[in-house]
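Asker: Build me a structure from this.
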Amino acid sequence: MKVDFAGRNIVVPETLKVLTQRRLKKIERFLDDILEVHVILGVEKHRHSAEVALSGRWVKLNGVAVGDDLRSALGQALDKIEMQSRRHKEKLKKGRRRIGQRALLRTVKSAPTEEELALAAEAGRSDGDSPRVVRASRMTFKPMSVEEAALQVSRSQASFLVFRNARTDQVSVLYKRDDGQLGLIES
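Answerer: Below you'll find the model as predicted:
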């Protein structure tokens with residue numbers, strides 16, 4: 001992490017540099033990849049201002065504060081950056097929970113389980129030929145009722161349909177069963 005200090009009408013004291021470095025280590029717990037931080041401190045008559053601009057790989061945060069002295073202004077600006085970084089981390093956590101809804105299938109290569117090895121041995125495959133999931137397509141989940149989805153599945157050649165249930169607002173799967181009926185999977 002690269003930290004640049006600049007002063008407007010002031011030379012930045014070493015104590016504020018150390019304080020900033022200490023607070024940024026605390027903020028680093030919330031953001032994984034902080035690339036650079038710009039700290040601008042300014043003094044105009046009786047007004048002390050601090051601006052902190054943090055750039056990460058996936059996020060840019062900015063905190064501006066005015067106080068009675070440089071230490072309090074810098075502390076307020078760093079508090080704002082810390083709150084923004086906490087919110088960003090929470091947003092990422094919520095996004096990871098919803099990743100299944102976006103149908104982002106990627107190639108998955110993991111160590112095969114004992115069951116997979118046994119199945120592979122029966123089929124005559126070696127360890128390196130374990131099954132992989134490959135992205136087929138991206139899907140958008142249209143809000144519709146179960147009845148509408150049933151009509152759409154019965155009209156199409158597809159054996160299943162992924163849709164957003166208009167009543168519950170959850171992602172559901174409707175599929176054709178072997179006995180000719182339709183099955184419904186709700187999340």
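
Asker: Let me know the outermost residue of the chain.
Answerer: Distance from the C-alpha centroid of the chain peaks at residue 45, with 43.1 Å (Cα atoms, centre = their mean).

Asker: Residue 176 touches residue 150, doesn't it?
Answerer: No. Counting by Cβ atoms under 8 Å, residue 176 does not reach residue 150; the two are 10.1 Å apart. C-beta here means a position set from N, CA and C on the backbone, and glycine is covered the same way.

Asker: quick one: common contacting residues for the two?
Answerer: residue 182 (Cβ atoms under 8 Å, 6 or more residues apart in numbering).

Asker: Okay, and the spatially most central residue of the chain sits in which element?
Answerer: Of all residues in the chain, the one closest to the mean position by Cα atoms, centre = their mean is residue 92, 3.0 Å from it. In this assignment (DSSP states H and E), residue 92 forms part of helix 70-97.

Asker: mean confidence for that helix?
Answerer: Averaging pLDDT along helix 70-97 gives 88.

Asker: counting contacts, what elements does that helix pack onto?
Answerer: If contacts are counted by 3 or more Cβ pairs under 8 Å, 6 or more residues apart in numbering; DSSP states H and E, helix 70-97 sits against helix 14-27, strand 34-44, strand 47-56, strand 60-67.

Asker: same thing but at 7 Å, please
Answerer: helix 14-27, strand 47-56, strand 60-67 (3 or more Cβ pairs under 7 Å, 6 or more residues apart in numbering; DSSP states H and E).

Asker: Compare these and give me the one nearest residue 37.
Answerer: Residue 37 lies closest to strand 47-56 among the helices and strands packed on helix 70-97, at 5.0 Å (Cβ to Cβ).
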